[in-house]
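[1] Here's a sequence, model it:
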Amino acid sequence: MKAILFDVDDTLYDQTQPFRKACGQMYGDAYDGLAERLFVASRRHSDEVFELSQSGEITMDAMRIYRTQKAFEDFGIFISQDEALKFEDYYKENLNHIFLPETIKEILDFCTERRIPAGVITNGASAHQWGKVERLGLLKWIPRERVFVSGDLGAAKPEPEIFRIIEKRLGLQPEEIWFAGDSYANDVTGAKRAGWKSLWLNRRGHKLPESGFMPDLQVKNERELFAAVKDLYFGGKAYV
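    Numbers count the residues shown, from 1 in each chain. The predicted model follows:
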């Protein structure tokens with residue numbers, strides 16, 4: 001392992017926390033038992049129109065309305081466009097209070113102490129994603145030149161182009177780089193298509209597709225992610 005890069009959203013922090021808070025602010029405790037499934041549905045629908053929002057074919061507000069309305073609709077709940085935007089405003093405000101879990105800090109400390117080059121790759125608009133990087137304090141561990149935001153690069157996961165750009169900047173071969181992320185579609189598929197090693201942080205217990213790319217390693221939580229990173233460094237057998 002010559003370098004390890006991480007996804008940001010729902011990998012380095014738990015993205016359900018700001019989403020749950022938005023649900024509470026908007027609907028009280030009405031959807032407490034549904035919040036996590038609503039979040040997963042929202043991410044799925046967001047992926048459906050992400051490229052359209054990045055190319056300018058639809059506005060960012062249209063993307064946000066779509067993913068929120070569709071997520072609620074999946075559970076038989078129909079909300080207006082104004083309601084969807086209000087929910088997104090709450091969600092956006094709660095993203096100002098995201099934080100790194102202690103185990104993630106330990107992982108980044110480990111990489112720093114062992115001089116393992118670490119970085120991040122994140123999809124989204126430049127200012128929005130850089131704001132998360134700064135709020136999470138990632139620049140304490142990761143230099144700016146190893147923070148890769150799709151909005152800055154003109155390419156996004158899972159397309160191989162973004163991985164090609166990054167490996168050239170790192171001066172490494174594809175097989176020397178590990179990428180850890182929560183999204184099978186963006187992180188696992190993207191890394192494997194590019195010839196990188198893939199470490200899937202499967203927080204939500206998603207089933208591995210019967211056909212498609214296999215992650216090199218799969219872990220269920222942050223503690224297992226830390227164990228896997230240590231095993232990769234020390235050459236041991238990591239968690240599969």
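
[2] Surely Tyr90 touches Arg20?
    No. Tyr90 is beyond contact range of Arg20, at 10.8 Å (criterion: C-beta atoms under 8 Å). The way it works is simple: take the backbone N, C-alpha and C, and place the C-beta from them, glycine included.

[3] And the strands in this protein?
    Using DSSP state E, the strands of the chain run over 3-6, 118-122, 147-149, 177-181, 197-201, 217-219.

[4] average pLDDT for the last one?
    Here the mean pLDDT over strand 217-219 is 97, rounded to a whole number.

[5] swap in the second one?
    Strand 118-122 shows an average pLDDT of 98 in the prediction.

[6] which other helices and strands contact it?
    Here strand 118-122 touches strand 3-6, helix 102-113, helix 126-135, strand 147-149, helix 160-170, going by 3 or more C-beta pairs under 8 Å, 6 or more residues apart in numbering; DSSP states H and E.

[7] quick one on the thing from earlier: ranking the strands of the chain by burial, who's on top?
    The highest average neighbour count among these, using mean count of other C-beta atoms under 10 Å, belongs to strand 177-181 at a mean of 26.

[8] next one: it to chain centre, how far?
    Remark: strand 177-181 is offset 11 Å from the chain centroid, using C-alpha atoms, centre = their mean, to the nearest Å.

[9] what's the angle from it to strand 197-201?
    20 degrees (axes from the mean of the first three to the mean of the last three C-alpha atoms, to 10 degrees).

[10] now the lowest-mean-pLDDT helix or strand in the chain: how far from the chain's centre is it?
    Of the helices and strands making up the chain, the lowest-confidence element is helix 35-55, at a mean of 92, by mean pLDDT, DSSP states H and E. Relative to the mean C-alpha coordinate of its chain, helix 35-55 is positioned 12 Å out (C-alpha atoms, centre = their mean).

[11] contact partners of that helix?
    For helix 35-55, the external contacting residues (C-beta atoms under 8 Å, 6 or more residues apart in numbering) are 10, 15-16, 19-20, 23, 31, 58-60, 62-63, 66-68, 70-72, 74-75, 123, 150-151, 156, 183, 185-186, 204.

[12] can you check stretch 159-171 too?
    Stretch 159-171 is contacted by residues 3, 5, 117, 119, 121, 145-146, 148, 150, 153, 155-157, 173-174, 177, 179, 190-191, 193-194, 196 when judged by C-beta under 8 Å, 6+ apart.

[13] let's go with 7 Å and repeat that
    Applying C-beta atoms under 7 Å, 6 or more residues apart in numbering, the external contacts of stretch 159-171 come out as 3, 121, 148, 150, 153, 155-156, 174, 177, 190-191, 193-194, 196.

[14] quick one: buried residues of it?
    By 16 or more other C-beta atoms under 10 Å, the buried positions in stretch 159-171 come out as Glu159, Pro160, Ile162, Phe163, Ile166, Glu167, Leu170.

[15] Stretch 229-236 too?
    Val229, Leu232.

[16] can you check stretch 94-107 too?
    By neighbour count on 16+ other C-beta under 10 Å, the buried set for stretch 94-107 is Asn94, Leu95, Ile98, Leu100, Ile104, Lys105, Glu106, Ile107.

[17] Also stretch 69-84?
    Neighbour counts over stretch 69-84 (16+ other C-beta under 10 Å) mark Gln69, Lys70, Ala71, Phe72, Ile79, Glu83, Ala84 as buried.
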